[in-house]
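Undergrad: Model the following, please.
(one chain, ligands or ions: 1)
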Amino acid sequence: NIAYFKKLHALFTSKRDFANYAISSRSIICTELLTSVLLVKPVAQMYVTKYKNREVIVPKLTKMVTAIIEVLADMLNNAEWLDYDTRKNALNKLNHMEYSFVYPENLFDDTLLIEKDIPPSEPSESFIALFTRLMRNKVTASCARINQPVDKTEWIQPILTSNGFYVTTQNKFHIAIGILESPHFNQNVPDYVTYATLGVISGHEIMHGFDDDGRLYDAAGNKRNWWKTETAEKYVKKTSCYVDQYTKEGVDGQLSLGENIGDNVGMELAYKAYKKVMGNATEPALPGFEHFTVDQMFFLSYANAWCTSLKKEEADPNDPHPYALTRVKMTSTNIEEFSEAFKCPKKSTMNPDDRCSIW
Ligand SMILES: [Zn+2]
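TA: Residues are numbered from 1 along each chain as shown. Presented below is the predicted three-dimensional model:
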């Protein structure tokens, strides 16, 4: 309908925005609605069957996450500022942390599909009528779960998303299928790439259980203070280093604190886990990158995963995640091994005297 497009065109100041809207917006909206809101499980079943080999991916991720958890347990055991009881509680929380990868274990249990009893759509049915019908079904199913025991196998986040999630109230994290794509994951690259990408992301999610908000919940995911007052004060003092550091970079240091704790400790955990798993073994160089050391490749792979076409001024100021370039810069600055790998002179931007660290 040309008249419609003419009217629509007048609403856009940029031709590019208009083109984006006209070409892709409807298909993007429909896909998003289907995969994240309306038919989450059936669409995920179809995608998983076609594209992903869970049997290969899960053991690889499990080995990596196990190593990361062991490194964090070592850090907690060696952190002198933790008192005996707080350390015991922290280790208990870590030991009880659960995780699941790729998709929820019950994805193919069709008896749980809330969509199974919905009558098929007639060609005459409008999209809004179908949408309303599916939403009503979804809301009814959600309401039926009130006062029922929590089913931890169920994911409360979209399955087909490029993300990892930590669920504070369940002390559990997920690595969703959507993020198991390059540059975050590729089955055929050396582990130094995988640890730098998905390893840092896994460490990040684990640290959400110990960030400024997550630390207020216990091993079962209940809100309970398990910190001795003096130790909690030390924690706040140590983490305020990140608040100041990121504020100087033009980021809301307090709003982003949880994410920054995740990024910085996540990086440290993934790097140490890689070293621990590899021992004296070595991995081949990637073609064309033979003149880089393994450590240099680790940090380059990490940075590569955060490449974005989004400009800094376009970033959402209310997003607790800092702008991608800031995330890469600060995390690389705070880990000493980065400046060693690239031989950054003392007191240079990437090798400052003052680094932030918690454990
Ligand atoms: Zn996060």
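
Undergrad: hmm, which helix or strand of this structure has the shakiest average pLDDT?
TA: Of all regular secondary-structure elements in the chain, judged by mean pLDDT, DSSP states H and E, the least confident is helix 15-20 with a mean of 65.

Undergrad: any idea which helix or strand comes after that one?
TA: Moving toward the C-terminus from helix 15-20, the next helix or strand (DSSP states H and E) is helix 26-32.

Undergrad: Please tell me how far that next one is from the chain's geometric centre.
TA: In terms of Cα atoms, centre = their mean, to the nearest Å, the gap separating the centre of helix 26-32 from the centre of its chain is 23 Å.

Undergrad: Up against the ion, what does this protein have?
TA: Taking Cβ under 5 Å from the ion as the criterion, the neighbours of the ion within the chain are 259, 262. Placement of C-beta: from N, CA and C, glycine included.

Undergrad: can you give me the strands in the chain?
TA: 98-102, 164-167, 172-176 (DSSP state E).

Undergrad: where along this structure do the helices fall?
TA: Along the chain, the stretches classed as helices by DSSP state H are 2-11, 15-20, 26-32, 40-51, 54-78, 84-96, 127-143, 191-194, 200-207, 229-248, 257-278, 294-305, 324-334, 336-341.

Undergrad: Of all residues in the stretch 51-200 of the chain, which one is closest to the ion?
TA: Taking Cβ to the ion, the ion has its nearest neighbour within the stretch 51-200 of the chain at Tyr166, 7.0 Å off.

Undergrad: Can you tell me the closest non-neighbouring residue to that residue?
TA: Excluding its sequence neighbours, the residue lying closest to Tyr166 (Cβ to Cβ, 6 or more residues apart in numbering) is His208, at 3.6 Å.

Undergrad: which residues does that neighbour contact?
TA: 166, 168, 173, 214, 258, 262 (Cβ atoms under 8 Å, 6 or more residues apart in numbering).

Undergrad: Can you tell me the centre-most residue of the protein?
TA: When the chain is reduced to its mean C-alpha position, the nearest residue by Cα atoms, centre = their mean turns out to be Gly164, at 3.2 Å.

Undergrad: just checking, that one touches His204?
TA: Yes. Using Cβ atoms under 8 Å, Gly164 makes contact with His204 at a distance of 7.0 Å.

Undergrad: quick one on the thing from earlier: most neighbours of all the contacts of His208, which one?
TA: Neighbour counts for those were taken using other Cβ atoms under 10 Å; the highest belongs to Gly262, with 28 neighbours.

Undergrad: pretty sure that one contacts Phe210?
TA: No. With contact defined as Cβ under 8 Å, Gly262 does not reach Phe210; the gap is 9.2 Å.

Undergrad: Which neighbours do those two have in common?
TA: When contacts are counted by Cβ under 8 Å, 6+ apart, the set common to Gly262 and Phe210 is empty.

Undergrad: give me every residue that touches the residue nearest to Leu91 when sequence neighbours are not counted.
TA: In this structure, Leu91 finds its nearest non-sequential neighbour in Leu76, 5.6 Å apart by Cβ to Cβ, 6+ apart. Listed by Cβ under 8 Å, 6+ apart, the contact partners of Leu76 are 82, 87, 90-91, 94, 359.

Undergrad: Also Ile118?
TA: 133-134, 137.

Undergrad: among those, which ones are buried?
TA: Buried members of the contacts of Ile118, scored by 16 or more other Cβ atoms under 10 Å, are Leu134.

Undergrad: Let me know the closest of the contacts of Ile118 to Met350.
TA: Taking Cβ to Cβ as the measure, Met350 sits nearest to Leu134 out of the contacts of Ile118, at 50.7 Å.

Undergrad: so how far is stretch 189-202 from its chain's centroid?
TA: In terms of Cα atoms, centre = their mean, the centre of stretch 189-202 is set 13 Å apart from its chain centre.

Undergrad: Asp85 is in contact with Asn225, isn't it?
TA: No. The pair Asp85 and Asn225 does not pass the contact test of Cβ under 8 Å, sitting 11.8 Å apart.

Undergrad: one step back: tell me the most packed of the contacts of Leu76, by neighbour count.
TA: The residue in the contacts of Leu76 with the most neighbours, by other Cβ under 10 Å, is Ala90 (25 neighbours).

Undergrad: ok, so what distance separates it from Leu310?
TA: Taking Cβ to Cβ, to the nearest Å as the measure, Ala90 falls 36 Å from Leu310.

Undergrad: Then Ile69?
TA: Using Cβ to Cβ, one obtains 32 Å as the distance from Ile69 to Leu310.

Undergrad: more neighbours, those two?
TA: Neighbours around Ile69 and Leu310, counted as other Cβ under 10 Å, are more numerous at Ile69. The numbers are 19 against 11.

Undergrad: Tell me, what's the model's pLDDT at the more buried one?
TA: Ile69 is assigned a predicted lDDT (pLDDT) of 98.

Undergrad: Please give me every residue in contact with it.
TA: By Cβ under 8 Å, 6+ apart, Ile69 lies in contact with 94, 97, 206.

Undergrad: go with 7 Å
TA: Taking Cβ atoms under 7 Å, 6 or more residues apart in numbering as the definition of contact, the neighbours of Ile69 are 94, 206.

Undergrad: Count residues in the vicinity of Ser202, would you?
TA: Other residues lying near Ser202 total 26 when counted by other Cβ under 10 Å.

Undergrad: ok, the closest residue to it other than its chain neighbours - how many residues close by?
TA: In space, not counting the residues next to it along the chain, Ser202 is nearest to Val65; the distance is 5.2 Å by Cβ to Cβ, 6+ apart. For Val65, the number of neighbouring residues by other Cβ under 10 Å comes to 23.
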